[in-house]
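Peer 1: need a structure here:
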Amino acid sequence: MVALSVLRATRAQLLPWRRQPPQGVAASLLKHAADQTVAATVAVVNALTAAKLPLESFRDWGVLAAPCFFGRRDMAQAFERYATDGAWGISPHLVPNVSLHAVSGTISQALELHGCNFGIGGGPSAAAEAFLATPVLLGGGNLPGLWLILSSFFPEFLPGCRDEEAAECLTAALALTGNDGDHEASCLRICPRHTGDDEDDMSEFSLPAFAAALGCRADGHHHWRLPGAGWVELAMNAGQGA
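Peer 2: Numbers count the residues shown, from 1 in each chain. Predicted coordinates:
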């Protein structure tokens, strides 16, 4: 893991970034983007800034994004407008910005990456499902590295509900490479089956717990059981993070 960042922001806190994106990101990319896309883009820029790595070193990387209930709020509002205004009430920007691949596609454009990019999951287990795809992408030998983006709102909400203003978008952005032998860096290990540890004693994976471990700024090992089979291990180095 060569860079990482954890971001927590309400919709109100995301608004300034939408209007004035981080340096190097075109304003047009985030103008019509969904909230989780804005949060993911800022988290990636924060990770790059903290790691002090040149953007050119990521040109051939890929992006794997795992948002939870992505675009749900935007689609709910679109259905309401359609019911009152018909097709003229629907923005042409809706479809490209609320598709499952919108997060990865936006980050790929922002960083001018040439590797593959796509979204995965989309439901409550999206973050855990992303760990099943990550080894396949990194182990294929076609990518030098992969940006893994996990995001979700807590609590999940719909327009007009009482939790809308208080809901926080939690985003984790990780720049991952294969096993390069760098023991000084934080490390993510994904195990597809039982390997001797007692998986029954592990907690089920959750994004809040994972983000808390990433942001604790202390050395340590953490384990979580993945849905279905296997587990994920995070070995943190206190000197890495944003």
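Peer 1: how far away is the spatially closest residue to residue 32 that is not a sequence neighbour from residue 84?
Peer 2: When the adjacent residues along the chain are set aside, residue 32 lies closest to residue 93, with 3.9 Å between them (C-beta to C-beta, 6 or more residues apart in numbering). Glycine gets a C-beta too; all of them are placed from N, C-alpha and C. From residue 93 across to residue 84, the span is 19 Å (C-beta to C-beta, to the nearest Å).
Peer 1: More neighbours: these two, which one.
Peer 2: residue 93 (12 against 7; other C-beta atoms under 10 Å).
Peer 1: Can you give me the distance of the more buried one to residue 31?
Peer 2: The value you get for residue 93 to residue 31, if C-beta to C-beta is used, is 8 Å.
Peer 1: Just the helices from the chain, written as ranges.
Peer 2: In the chain, the helices defined using DSSP state H lie at 11-19, 27-30, 35-51, 72-85, 94-98, 102-111, 126-139, 207-214.
Peer 1: which residue is nearest the middle of the protein?
Peer 2: Nearest residue to the geometric centre of the chain (C-alpha atoms, centre = their mean): residue 149, 2.1 Å.
Peer 1: if we look at the sheet, which residues does it bridge to?
Peer 2: Residue 149 has these beta-bridge partners by DSSP bridges: residue 65, residue 173.
Peer 1: per-residue confidence at it?
Peer 2: At residue 149, the pLDDT value in this model is 97.
Peer 1: now the angle between helix 11-19 and the lowest-mean-pLDDT helix or strand in the chain, please.
Peer 2: None of the helices or strands of the chain scores lower by mean pLDDT, DSSP states H and E than helix 72-85, at a mean of 78. Here helix 72-85 points in a direction 80 degrees away from that of helix 11-19 (axes from the mean of the first three to the mean of the last three C-alpha atoms, to 10 degrees).
Peer 1: just how off-centre is helix 72-85 within its chain?
Peer 2: 25 Å (C-alpha atoms, centre = their mean, to the nearest Å).
Peer 1: which other helices and strands contact that helix?
Peer 2: helix 94-98 (3 or more C-beta pairs under 8 Å, 6 or more residues apart in numbering; DSSP states H and E).
Peer 1: can you pull the buried residues of the helix it packs on?
Peer 2: 94, 97, 98 (16 or more other C-beta atoms under 10 Å).
Peer 1: possible to save those residues as TSV with distance to residue 208 and pLDDT?
Peer 2: Listed next are the buried residues of helix 94-98 as TSV, based on distance: C-beta to C-beta, whole Å; pLDDT from 0 to 100:
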residue	distance to residue 208	pLDDT
94	29	77
97	26	84
98	24	86
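Peer 1: which one of the residues you listed sits closest to residue 144?
Peer 2: Ranked by distance to residue 144 (C-beta to C-beta), the buried residues of helix 94-98 are led by residue 97 at 28.7 Å.
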